[in-house]
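**Q** what follows is a predicted protein model with its sequence.
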Amino acid sequence: MSAPSSSSLSIRDLHASIGDKPILKGLTLDIPKGEVHAIMGKNGAGKSTLAKIMAGHPDYNVTSGDVLLDGESILGLEPDVRARLGLFLAFQYPMEIPGVTIANFIRAALQARLPEGEELEATDYYAKLYAKMDALSVPRNFTSRSVNEGFSGGEKKRCEILQMAMLEPSYAVLDETDSGLDIDALKIVSAGVNALRGPNIGMLIITHYQRLLDYIVPDKVHVMSEGRIIHSGDKDLALKLESLGYDWVEKEYGESSTKAA
Amino acid sequence: MSISTTFSAETGISSTPNNWPEWFRKDQYKAWELFQSLPQPKRNDEPWRFANLQAIDLSDFHAAVPVTDAALLVARSSAHSNLAAKLIFANEVLVHSDQKGLPAGVLLLPLEEAAKNHEELFRKSFMTSEVRLGSKKFAALHRALLRSGAFVYVPQGVVIEKPIEIWHWVQGENATIFPHTLIVLGEGASATVIDHFVSSREERSLAIAVNDLTLGTNAKLNYVAVQEWSDKTTAFHINTTEVEKEAVSTALQMNLGGAYIRGESNSHLLGEQSRSVMLSINPATGTREIDQRTFQDHFAPRATSDLLYHNALADSSRTIFAGLIKVEEHAHETDAYQKVRNLMLSDEAEANSMPGLEILADNVRCTHGATSGELNEDELFYMMARGIAPQRAAQLIVRGFFGTVLERLENEDLQEHLGSILDKKLNL
Ligand SMILES: Nc1ncnc2c1ncn2[C@@H]1O[C@H](COP(=O)(O)OP(=O)(O)OP(=O)(O)O)[C@@H](O)[C@H]1O
Ligand SMILES: [Mg+2]
């Protein structure tokens, strides 16, 4: 296993629980800047838990291990601080915020990144917002709609990617951004994500479907089961999982771990 | 009570000089007698359940004297930039009137002038219905001592696109004012009126405000009260709205200031398919108490009343809501809705909600409900995950909570204008 690079999002032997229930059981993963990794795994494997713990959700207890952003531990930091350091989470289930418009919401998020006393320039902001909205085929009148309220499943996901495009994170975790998208929307959203790809961002894409990875081709694919990464491979692993399911990986992992013990 | 006046025994006319016609001054005497004969509200009076009766002890207050710095207050009376007209009262004296944008036929006058020159119109709509929600005594005092106020008359078929703005300033420690706004819309007329209630300084004062909104057939009114009294002020806001056939009244009370606010809103659905939308936005902070009583009274078939009150309670603030929907006999196919939401931002805050229903007709649709909840942790986390600090996130959620009330105004310009007033108040 390679040492965590100082330019990576690095998860080190992470154990976490909710209440008394352990959910992450020694998870290690390194996402270097510039790479796109995918995580696949059965329902309940702990994928969303991992994403929320990285973002700092207060419900989970990290019992041991660490999460490093560019070499610095972020586990002691509040969620908003982590976000301002460059971490972004596209939620599997984005929240509705009644009465807060998309435009005001994203503006507040950008404003939070400016030094005290500095005001966001309104015309530049709207120009950028409209450009990103157009690229993601989000109708412009969405700016005055309340965040996620009454949005269809696909609209919510598109809106998550819109936020990512506006906030320009250095690491992004996308939790099932493809679920709820129709085929056209999947292409649009994938193109949106690909447009953000580059040497200055590392991405972790959580998905159940190989199809997304046809559009967003990952550098690595990991299989998660019961709170651990049990197998890693290149993009072809996703194809294999699609046709064979997860049982063979779990079996292989079971054998190797009993051998090791 | 040191708010007093002396009336001549023979003429029944107040010795304080004022500009009202003699018949009205006699009415004032009767009102004064009524005020004196009515008892102070007591703990067991139903309309004063849960109320802080200490807060309505008015014995320290006295009459306001005319201000000396009217020009300064006029300069400070600026909110909306594109108005049809503006009237400014300081301690109940008209200090400014700008009517350039009003269509012909519209009357925008100090009340005493309306009583003199448009007596019939005035009599028909000035405080004609009984004050039923508890403040009869204080309404009588208002009538007895009122010196001026705004009279808005929009004749049949006249539509005023831009808002009319009315300012009511109070100045003076323990000073009392009686702001009044009387709006009469003729058949098919339409107007938007924004009433501002402001303290000139951070002083303790008393305001007993009354507004009467009268809508003729098919008229359309947006009425907004932006209440920004000082945090030491005791205020009564007593409203009556009468809605004739197919007319639509949308009235919003924004309580952004005050120590103790007693609001009474009384909607009479008089004509078929009339509609009254009753809204309120109440950011309660510090030790503020907002005590609101409402009445949605349906007299005619197929009318709609729709009440939505949002209270956000911080610190050790307190709110009371008591609302009654009454569907009178023959008011068939009534639609009446009443919803109060309390957003609890502090463990020390207290919200009381008492919804009520009385239905004497058939085939009606009525819903009422009160909910209380705290800030949603998942919403907070979602916003923080975007980099927004928790305090700011909470402010945005509160702003959003009020924004959903503003969305009920079917006037985007007004929504935006009031939204920016709210932003300022919430430091956004
Ligand atoms: N707040 C919670 N309270 C109790 N159990 C929880 C909570 N959050 C997650 N869990 C449990 O933790 C386990 C992992 O859940 P998680 O949502 O991380 O799975 P997932 O891999 O994202 O699944 P899916 O593919 O269905 O999205 C599940 O058994 C779930 O029930
Ligand atoms: Mg999940």
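**A** That came through, no problem. Ligands and ions are numbered 1, 2, ... in the order given.
**Q** what pLDDT does residue 153 get?
**A** You didn't say which chain, so I picked chain A. At A:G153, the predicted lDDT confidence score is 90.
**Q** could you do chain B instead?
**A** We have a pLDDT of 98 for B:Y153.
**Q** name the SS class of the closest residue to ligand 2 within chain B, please.
**A** In chain B, no residue comes nearer to ligand 2 than B:D378, which is 14.6 Å away by Cβ to the ion. (C-beta placed from N, C-alpha, C; glycine too.) Look at B:D378: counting by DSSP: H, G, I helix; E, B strand; the rest coil, its state is helix.
**Q** okay, the closest residue to it other than its chain neighbours: pLDDT?
**A** The spatially closest residue to B:D378, leaving aside those adjacent along the chain, is A:M95, at 5.4 Å (Cβ to Cβ, 6 or more residues apart in numbering or on different chains). A:M95 is assigned a predicted lDDT (pLDDT) of 96.
**Q** likewise for A:A3?
**A** At A:A3, the pLDDT value in this model is 54.
**Q** do the same with the one 5 residues further on
**A** Per-residue pLDDT puts A:S8 at 96.
**Q** shouldn't it be in contact with A:G34?
**A** No. In this structure, A:S8 is not within contact of A:G34 by Cβ atoms under 8 Å, at 9.4 Å.
**Q** what touches both of those two?
**A** Common neighbours of A:S8 and A:G34 (criterion: Cβ atoms under 8 Å, 6 or more residues apart in numbering or on different chains): A:G202.
**Q** when the two are compared, which one has more neighbours?
**A** Under the neighbour definition other Cβ atoms under 10 Å in any protein chain shown, A:S8 and A:G34 were set side by side, and A:S8 has more, 22 against 15.
**Q** which residues does the more buried one contact?
**A** Contacts of A:S8 by Cβ under 8 Å, 6+ apart are A:D30, A:I31, A:P32, A:K33, A:L68, A:D70, A:G202.
**Q** what is the nearest of these to B:A235?
**A** A:D70 (55.9 Å; Cβ to Cβ).
**Q** for the closest one, what are its contacts?
**A** Taking Cβ under 8 Å, 6+ apart as the criterion, A:D70 is in contact with A:S6, A:S7, A:S8, A:S170.
**Q** state the pLDDT value of it.
**A** Per-residue confidence at A:D70 stands at 96 (pLDDT).
**Q** tell me which helix or strand of the chain sits lowest on mean pLDDT?
**A** In the absence of a named chain, chain A is used. Taking mean pLDDT, DSSP states H and E as the measure, the helix or strand of chain A with the lowest value is helix A:247-260, at a mean of 80.
**Q** wait, chain B was what I had in mind.
**A** Counting by mean pLDDT, DSSP H and E, chain B has its least confident helix or strand at strand B:62-63, which shows a mean of 91.
**Q** give the other helices and strands that that strand contacts.
**A** strand B:175-177 (3 or more Cβ pairs under 8 Å, 6 or more residues apart in numbering or on different chains; DSSP states H and E).
**Q** what lines up beside the following helix or strand past the strand it packs on in the sheet?
**A** Past strand B:175-177, heading to the C-terminal end, the next element that is a helix or strand (DSSP states H and E) is strand B:180-185. Using DSSP bridges, the strands paired with strand B:180-185 in its sheet are strand B:150-154 (parallel), strand B:206-215 (parallel).
**Q** turn the ones you listed into CSV, including mean neighbour count.
**A** Compiled in CSV, those are given as follows (neighbours: other Cβ atoms under 10 Å in any protein chain shown):
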stretch, mean neighbour count
strand B:150-154, 26
strand B:206-215, 25
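**Q** so which of these is nearest ligand 1?
**A** Nearest to ligand 1 among the strands paired with strand B:180-185 is strand B:206-215 (49.6 Å), distances taken as Cβ to the nearest ligand atom.
**Q** name the residue of the stretch 51-200 of chain A that lies nearest to ligand 2.
**A** For the stretch 51-200 of chain A, the nearest residue to ligand 2 under the criterion Cβ to the ion is A:Q92, separated by 4.8 Å.
**Q** which pLDDT does the model give that residue?
**A** Model confidence at A:Q92 (pLDDT) stands at 93.
**Q** how much space separates the closest residue to it other than its chain neighbours from chain B?
**A** Leaving aside its chain neighbours, A:Q92 sits nearest to A:D175 (4.1 Å; criterion: Cβ to Cβ, 6+ apart). Relative to chain B, A:D175 is positioned 11 Å away (Cβ to the nearest Cβ, to the nearest Å).
**Q** so A:D175 sits against A:T49, correct?
**A** No. Under the contact definition of Cβ under 8 Å, A:D175 does not touch A:T49, with a separation of 10.2 Å.
**Q** tell me which of those two has more neighbours.
**A** Here A:D175 and A:T49 are set side by side on neighbour count (other Cβ under 10 Å), and the busier one is A:D175, at 24 against 21.
**Q** picking that back up, inside strands: which ones of the contacts of A:S8?
**A** A:D30, A:I31, A:P32, A:L68, A:G202 (DSSP state E).
**Q** dump those into JSON lines; add distance to ligand 1 and neighbour count as well.
**A** Below are these laid out as JSON lines (distance: Cβ to the nearest ligand atom, whole Å; neighbours: other Cβ atoms under 10 Å in any protein chain shown):
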{"residue": "A:D30", "distance to ligand 1": "20", "neighbour count": "19"}
{"residue": "A:I31", "distance to ligand 1": "18", "neighbour count": "24"}
{"residue": "A:P32", "distance to ligand 1": "23", "neighbour count": "17"}
{"residue": "A:L68", "distance to ligand 1": "21", "neighbour count": "18"}
{"residue": "A:G202", "distance to ligand 1": "20", "neighbour count": "27"}
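**Q** the one residue in chain B that gets nearest to ligand 1: neighbour count?
**A** Minimum separation of chain B from ligand 1 (Cβ to the nearest ligand atom) falls at B:D378, amounting to 10.3 Å. As a burial measure, B:D378 scores 14 neighbours (other Cβ under 10 Å).
**Q** got the contact list for residue 241?
**A** Looking at chain A here, since you left the chain open. Contact criterion Cβ under 8 Å, 6+ apart gives A:M40, A:Q210, A:V221, A:V223, A:V249 as the residues in contact with A:L241.
**Q** nope, chain B
**A** For B:T241, the contact set (Cβ under 8 Å, 6+ apart) comprises B:L213, B:L215, B:S249, B:A251, B:S265, B:N266, B:S267, B:H268, B:S276, B:M278.
**Q** helix, strand, or coil at B:N82?
**A** Assigned with three-state DSSP, B:N82 falls in the coil class.
**Q** my read: it touches B:I164, true?
**A** No. Taking contacts as Cβ under 8 Å, B:N82 lies outside contact range of B:I164: 11.8 Å.
**Q** and the two? Which one has more around it.
**A** Shown here are B:N82 and B:I164; by other Cβ under 10 Å, B:I164 has more neighbours (26 against 10).
**Q** residues from chain A in reach of ligand 2?
**A** Within reach of ligand 2 by Cβ under 5 Å from the ion, chain A has these residues: A:K47, A:S48, A:Q92.
**Q** would you format these as a markdown table with distance to ligand 1, neighbour count and secondary structure included?
**A** Listed next are those as a markdown table, based on distance: Cβ to the nearest ligand atom, whole Å; neighbours: other Cβ atoms under 10 Å in any protein chain shown; DSSP: H, G, I helix; E, B strand; the rest coil:
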| residue | distance to ligand 1 | neighbour count | secondary structure |
| --- | --- | --- | --- |
| A:K47 | 3 | 23 | helix |
| A:S48 | 3 | 20 | helix |
| A:Q92 | 6 | 18 | coil |
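**Q** name the nearest of these relative to A:G227.
**A** Ranked by distance to A:G227 (Cβ to Cβ), the residues of chain A next to ligand 2 are led by A:K47 at 9.8 Å.
**Q** tell me where the model's unsure across the stretch 101-250 of chain B.
**A** By pLDDT under 70, the stretch 101-250 of chain B has no low-scoring segment.
**Q** quick one: the helices in it?
**A** Listed in chain order, the helices of the stretch 101-250 of chain B (DSSP state H, counting those that start in this stretch) span residues B:111-117, B:119-125, B:136-145.
**Q** right, I'll call it a day here.
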